[in-house]
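Student: predicted coordinates and the sequence they were generated for:
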Amino acid sequence: MIDCTLRDGEQAPGVVFTIDEKLQIATSLSRAGVNLLDAGFPAGGGEEIETLQELRRLGLNARIGVTARPFRSDVAAADKAMAQEVFLFMPTSDSRIEKTLGMTRERAVELFRDGAEDVVGRGMTLNVVFEDSTRADPRFLGHFVEQIAVSVPVTRVIIADTVGCARPDTMTSLIRDLRAALDPAVRICPHCHNDFGLASANTLAAVAAGAESVTCTVNGLGERAGNADLAEVAVGLRYLYGIEHSIDLVEMQRLSQLVERVSGVHTSFTKPVTGLNVFRHESGVHVDAMLKSVESYEFLPSSAVGRKTEFVLGKHSGSALIRYILDEPGAEAVDEDTVKSLLAMVKHKLTQSGKTEHERFYAQRQQFFADNLCGIDHAELARLMVDGQEPEAS
């Protein structure tokens with residue numbers, strides 16, 4: 001299991017981790033059983049290299065990897081950062097190769113091969129990342145992968161669905177074709193983005209088709225709509241596919257809260273596995289069934305991910321929950337009329353209170369976003385150009 005929170009996660013607009021926060025996240029990920037961290041982009045220099053060096057000195061169980069372009073300067077920076085592994089990436093779609101980089105397919109292959117040889121020559125483990133591969137010409141992608149994998153010792157071939165346009169069926173076909181063509185010793189790994197809400201589904205589909213590694217981020221944090229979520233993929237592998245792995249699922253809740261706190265990116269109440277409401281039940285029919293058997297509406301046991309099943313009194317509650325609460329040890333026995341009366345009182349109170357608190361919270365959140373734009377806006381940049389002043393922290 002490979003986690004990219006420290007690199008891809010921090011690339012989400014407005015997210016900045018301090019060195020101490022990165023060390024804390026890395027330690028928690030390693031403790032949770034993550035095998036390899038895509039921990040940064042050392043070509044950024046300065047603090048990024050210092051942070052990566054500090055990560056190595058922690059002596060974590062997780063190996064420390066970095067992302068680099070196939071340039072000698074990038075590979076040298078990875079070496080200086082004391083990286084154990086390198087995620088060397090190169091675009092593979094014609095749109096990216098020709099329009100963005102302004103080069104030919106042949107030049108792209110040549111450049112990538114040179115970078116790969118440099119990584120291996122410096123004694124670092126090589127993982128080749130084929131960026132935008134789900135939009136690439138399949139024949140060229142196969143040729144590209146073959147050219148690199150046969151010329152240098154590659155540990156992993158990472159197929160990046162960079163714009164999140166893959167579907168589970170297309171991902172399945174792509175991984176099966178690559179698995180059939182590559183040496184069995186080379187591990188195949190998906191790197192999926194969530195632009196269509198399919199990152200975790202595509203990642204699981206890739207594993208079912210023969211991929212042996214996966215990349216994820218905590219809370220799915222990442223650029224645009226984010227990446228495949230670590231908790232979702234980990235529970236999916238174990239509970240839907242029966243595939244065991246090294247991840248301690250009980251740590252998922254603590255990891256989620258840590259990254260939510262330090263990133264400032266808050267997760268949805270309905271986010272699978274770690275969302276607030278995932279193991280909370282209000283509907284009268286559901287609660288009645290859950291009180292008889294927790295398997296009624298929880299295929300994933302709450303305890304498996306460090307959570308508890310909770311019952312909430314609300315507008316849709318039924319008498320079963322009222323009786324359950326009143327039947328607790330030490331409580332006085334009550335008749336059915338009392339149960340109905342209490343239930344009516346609960347619903348009336350909720351109706352009268354309305355949504356005032358929700359609206360107040362929403363307004364406060366919107367004001368926070370307006371007051372705390374991370375980065376420098378265009379007007380501030382124009383002022384700096386005129387005044388020659390240092391930008392103010394935001």
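Tutor: The structure has been received and is ready for your questions.
Student: check which helices and strands the host helix or strand of Ala344 is in contact with.
Tutor: Using DSSP states H and E, the element containing Ala344 is helix 336-353. The contact analysis (3 or more C-beta pairs under 8 Å, 6 or more residues apart in numbering; DSSP states H and E) places helix 336-353 against helix 319-326. Where you see a C-beta, it was placed from the backbone N, CA and C, and this is true even at glycine.
Student: and the helices in the stretch 201-350 of the chain?
Tutor: For the stretch 201-350 of the chain, the helices defined by DSSP state H, counting those that start in this stretch cover 230-235, 251-263, 284-292, 319-326, 336-353.
Student: list the buried ones in the third one?
Tutor: This points to helix 284-292. Judged by neighbour count using 16 or more other C-beta atoms under 10 Å, the buried positions of helix 284-292 are 284, 286-290.
Student: quick one on the thing from earlier: and the angle for the helix holding Ala344 with helix 319-326?
Tutor: 100 degrees (axes from the mean of the first three to the mean of the last three C-alpha atoms, to 10 degrees).
Student: now helix 336-353: average pLDDT?
Tutor: Mean pLDDT, helix 336-353: 81.
Student: gap between the helix or strand that it is followed by and the chain center?
Tutor: Sequence-wise, the next helix or strand downstream of helix 336-353 (DSSP H and E) is helix 356-371. Centroid separation for helix 356-371 versus its chain: 26 Å, with C-alpha atoms, centre = their mean, to the nearest Å.
Student: just give me the closest of the buried residues of helix 284-292 to Lys347.
Tutor: Nearest to Lys347 among the buried residues of helix 284-292 is Gly284, at 10.6 Å by C-beta to C-beta.
Student: for that closest one, what are its contacts?
Tutor: By C-beta atoms under 8 Å, 6 or more residues apart in numbering, the contact set of Gly284 is 316-321.
Student: buried ones among those?
Tutor: Judged by 16+ other C-beta under 10 Å, buried ones among those: 317-318, 320-321.
Student: of all the residues you listed, which two lie farthest apart?
Tutor: Ser317 and Ala320 (8.6 Å).
Student: between those two, what contacts are shared?
Tutor: Contacts common to Ser317 and Ala320, judged by C-beta under 8 Å, 6+ apart, are 284, 287.
Student: strands of this protein, start to end?
Tutor: Under the criterion DSSP state E, the chain contains strands at 2-3, 36-38, 63-68, 85-91, 125-131, 156-161, 187-192, 215-216, 280-281, 310-311.
Student: for Phe144, which of the ones you listed is the nearest?
Tutor: Across those, the minimum distance to Phe144, taken as C-beta to C-beta, is reached by strand 125-131, at 6.7 Å.
Student: tabulate the CA atom coordinates of that closest one in CSV.
Tutor: Extracted C-alpha coordinates of strand 125-131, given in CSV (Å, rounded to 0.1, in the frame of the first residue of the first chain):
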residue,chain,number,x,y,z
THR,A,125,14.5,1.8,-6.3
LEU,A,126,12.7,2.8,-9.5
ASN,A,127,9.0,3.1,-9.9
VAL,A,128,7.9,4.4,-13.3
VAL,A,129,4.7,6.5,-13.4
PHE,A,130,3.0,6.7,-16.8
GLU,A,131,1.0,9.9,-16.4
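Student: who does that strand pair up with?
Tutor: strand 85-91 (parallel), strand 156-161 (parallel) (DSSP bridges).
Student: tabulate these (CSV), appending mean neighbour count and mean pLDDT.
Tutor: Listed next are the strands paired with strand 125-131 as CSV, based on neighbours: other C-beta atoms under 10 Å; pLDDT from 0 to 100:
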stretch, mean neighbour count, mean pLDDT
strand 85-91, 26, 97
strand 156-161, 25, 98
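Student: about what we covered before: in TSV: the helices of the stretch 201-350 of the chain, plus distance to Asp118.
Tutor: Shown next, in TSV, are these (distance: least, C-beta to C-beta, whole Å):
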stretch	distance to Asp118
helix 230-235	31
helix 251-263	33
helix 284-292	58
helix 319-326	64
helix 336-353	64
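Student: for Leu58, find the nearest of the ones you listed.
Tutor: Distance to Leu58, taken as C-beta to C-beta, is lowest for helix 251-263 among the helices of the stretch 201-350 of the chain, at 16.0 Å.
Student: and that closest one, how far from the chain's centre?
Tutor: Its chain's C-alpha centre and that of helix 251-263 lie 11 Å apart, by C-alpha atoms, centre = their mean.
Student: show me what it is packed up against.
Tutor: Packing partners of helix 251-263 (3+ C-beta pairs under 8 Å, 6+ apart): helix 19-31, helix 230-235.
Student: which of those sits most buried?
Tutor: A comparison of the helices and strands packed on helix 251-263 by mean neighbour count, using mean count of other C-beta atoms under 10 Å, puts helix 230-235 on top with a mean of 26.
Student: can I get it in CSV, CA atoms only?
Tutor: The C-alpha coordinates for helix 230-235 follow below in CSV (Å, rounded to 0.1, in the frame of the first residue of the first chain):
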residue,chain,number,x,y,z
LEU,A,230,-6.9,5.1,1.8
ALA,A,231,-9.7,3.9,4.1
GLU,A,232,-12.2,3.2,1.3
VAL,A,233,-9.6,1.1,-0.6
ALA,A,234,-8.4,-0.7,2.5
VAL,A,235,-11.8,-1.8,3.6
